[in-house]
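Peer 1: sequence plus the predicted model coming up.
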Amino acid sequence: MSKNPNLGQVVMDKMETRLDWCNVRLGEDKNWWVNEISDNVNWDVDGLGIIDPKQFFHMNELLDSMTEYGLASEIVDEAFFTFEIDEELEGGRIRLSRVRDSLLKAEDMLFALPDVMDEDKGPYADFLTHISILRVKMLNDLINFTEPFTLDEMEEVLAERQNNDYLEGRRTHFYVEVESILEFVPEGFALDHDIKDEDEEVKEEDYSDLDTSTVDSGAKEEEKMLRTEDLKWEEEEREKEPTRYEDSAPDEIPPK
């Protein structure tokens with residue numbers, strides 16, 4: 001009896017059709033977390049995060065910078081299930097409905113749930129490996145290391161961060177996990193655009209402080225001058241006015 005070559009694909013399709021919706025809530029860390037999901041067989045909502053549209057917009061900007069280093073858009077699309085807002089629920093929760101749009105090409109604001117049904121070998125794991133390799137390639141291109149920076153070195157640092165989160169009783173959110181790779185810079189180094197951004201922020205703060213102090217001091221000086229002029233004017237007016245004694249003095253008596 002021959003095996004059906006399409007059987008595996010049919011099983012995967014059935015598993016995917018179960019993922020139609022999920023209810024999410026905003027956590028105290030300002031990240032969105034899944035409360036309930038339509039496919040409770042293949043998904044465990046305990047500590048299951050979901051990337052919101054604003055977060056993915058920022059991620060997409062960082063991914064764009066990796067295009068010249070060989071970013072594969074299909075790996076990005078395959079790594080996430082996409083959802084759109086369906087309705088608001090009680091308690092600040094939101095119901096999301098599944099859509100089959102490409103995350104990179106979608107015109108609407110979409111939520112992105114990483115495909116972690118197989119955390120070690122699934123599409124999301126492939127995505128993390130892909131962007132990690134590209135980030136290391138970018139770092140070696142932009143920073144003059146004494147020795148080439150390696151993927152193992154970066155993964156060691158990131159694994160330690162996640163382990164610290166675990167020891168402190170919190171699960172690393174997917175957005176934090178991805179962003180930590182896309183913005184990773186070894187300790188003691190900095191990219192040129194990071195330095196420029198910091199310099200611009202310092203300049204803006206300095207000019208802001210300078211302008212504020214100048215305006216405040218100018219306003220105070222002007223107010224002081226006005227008060228001085230008012231007092232001087234009042235004194236002059238009092239000098240011109242006759243005193244009460246002068247008003248009541250008798251007329252001079254002519255000599256006899």
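Peer 2: Here it is on my side, so go on. Numbering: from 1, shown residues only.
Peer 1: kindly report the domain assignment for the chain.
Peer 2: 18-189, 196-236 (automatic domain parsing).
Peer 1: single out the most deeply packed of those.
Peer 2: Among the domains of the chain, domain 18-189 has the highest mean neighbour count (mean count of other CB atoms under 10 Å), at a mean of 15. Quick note: C-beta positions are derived from backbone N, CA and C, even for glycine.
Peer 1: what pLDDT, on average, does that domain get?
Peer 2: Regarding domain 18-189, the rounded mean pLDDT is 93.
Peer 1: got the end-to-end distance for that domain?
Peer 2: End-to-end distance for domain 18-189: 46 Å, by CA to CA, to the nearest Å.
Peer 1: so I181 makes contact with R135?
Peer 2: Yes. Here I181 lies in contact with R135, judged by CB atoms under 8 Å, at a distance of 5.7 Å.
Peer 1: joint contacts of those two?
Peer 2: M154 (CB atoms under 8 Å, 6 or more residues apart in numbering).
Peer 1: show me where the stretch 101-250 of the chain has its strands.
Peer 2: Assigned by DSSP state E, counting those that start in this stretch, the strands in the stretch 101-250 of the chain fall at 111-114.
Peer 1: look at F57 and give its secondary structure.
Peer 2: Following DSSP: H, G, I helix; E, B strand; the rest coil, F57 is assigned to helix.
Peer 1: tell me the contacts of it?
Peer 2: Counted by CB under 8 Å, 6+ apart, F57 has zero contacts.
Peer 1: for K30, see how far away it is.
Peer 2: From F57 over to K30 the distance is 15 Å, taken as CB to CB, to the nearest Å.
Peer 1: quick one: the helices in the stretch 101-250 of the chain?
Peer 2: Taking DSSP state H, counting those that start in this stretch as the test, the helices found in the stretch 101-250 of the chain are 123-142, 151-167, 174-182, 192-240, 244-248.
Peer 1: and the second one, what other elements does it pack with?
Peer 2: When you say that, I think you mean helix 151-167. In terms of contacts (3 or more CB pairs under 8 Å, 6 or more residues apart in numbering; DSSP states H and E), helix 151-167 is packed against helix 123-142, helix 174-182.
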